[in-house]
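*Asks:* Whatever this is, show me its structure:
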Amino acid sequence: MKKQIVIIGLGRFGVSIARTLYTIGHDVLAIDTDEKTVQSVAAEITHAIQADGTNETVLRELGIGNFDIAIVAIGSAVEASVLSTILLKKLGVPYVIARADNELHGSILEKIGADKVVYPEQEMGARVAQVVTLAEVSYYMPLAPGYGVARMTAPSYLVGEKLGDMGFGPKGKWEVAVVLIQREKEIIVTPSQQEIIRDGDILVVAGNNDNLEKLLQVARKTQEEEDKNGKKLGNH
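*Replies:* Have a look, this model is predicted:
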């Protein structure tokens, strides 16, 4: 459903969110005090305005209270971040997301009413660390300590095999679930255990990080053996 979203603060984080939200179909208003920054993004979103996102009068005149979501993307300027969050809630924005640079900043934002606090640097660091550790994974999103969702190209030894036969699912040997398969332009959501993996499939899997690593270790070892022997090995 299309939503009206206001973003206050156009650093790299704010600009990235603004562009992405507009691309996927939302109405996006971006506010920043820097004229050059506003001009640089104006053609890529619905509206961009040079204004002070900590000024209650300005926010009222812009009708910010009528927006569905507000994102306070201000980073290190803690006072501005806090003030903007307070004003957005005061004006009646139903859902306010605020960026925090550290735990103390985040705790303050939560106490003054932010509906969700995000830590971009920490979250990105966790994702990059897991992508480094899980070498074949092209994208990783942490869900809870030790657990996450990963995106990867189907290892060659899985091609032609059924998901259930290869140990996927809550009762499988990996304890890793395949939640989605991207097959060229087709998207298969929660594929059945009878689904046969094809060459080039992109798998989105969820589970314990250690189990994901074990799965990938077998994939690496099998690939090395295939390369060495020049043929596909049997099931493992």
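*Asks:* Endpoints of stretch 61-70, how far apart?
*Replies:* Across stretch 61-70, the terminal residues are separated by 16 Å (CA to CA, to the nearest Å).
*Asks:* what pLDDT, on average, does it get?
*Replies:* The pLDDT scores in stretch 61-70 average 95.
*Asks:* Residues contacting it, please?
*Replies:* With CB atoms under 8 Å, 6 or more residues apart in numbering as the test, stretch 61-70 has contacts from 3-8, 29, 31, 49, 51, 59, 88, 91-97. In this view, the C-beta of every residue, glycine as well, is placed from N, C-alpha and C.
*Asks:* List only those of the residues you listed flagged as buried.
*Replies:* Buried by 16 or more other CB atoms under 10 Å: 4-8, 29, 31, 51, 59, 88, 91, 93, 95-97, out of the contacts of stretch 61-70.
*Asks:* Can you pick out the ones from these that are in helices?
*Replies:* Leu59, Leu88 (DSSP state H).
*Asks:* what two of the buried ones among the contacts of stretch 61-70 are the furthest from one another?
*Replies:* Ala51 and Tyr95 (21.1 Å; CB to CB).
*Asks:* re the thing from before, in strands, which of the buried ones among the contacts of stretch 61-70 appear?
*Replies:* Gln4, Ile5, Val6, Ile7, Ile8, Leu29, Ile31, Tyr95, Val96, Ile97 (DSSP state E).
*Asks:* Distance to Asn55 and pLDDT for those residues - can I get that in a markdown table?
*Replies:* Converted to a markdown table, those look like this (distance: CB to CB, whole Å; pLDDT from 0 to 100):
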| residue | distance to Asn55 | pLDDT |
| --- | --- | --- |
| Gln4 | 20 | 94 |
| Ile5 | 19 | 95 |
| Val6 | 14 | 96 |
| Ile7 | 16 | 95 |
| Ile8 | 11 | 96 |
| Leu29 | 15 | 96 |
| Ile31 | 10 | 96 |
| Tyr95 | 21 | 94 |
| Val96 | 17 | 94 |
| Ile97 | 20 | 92 |
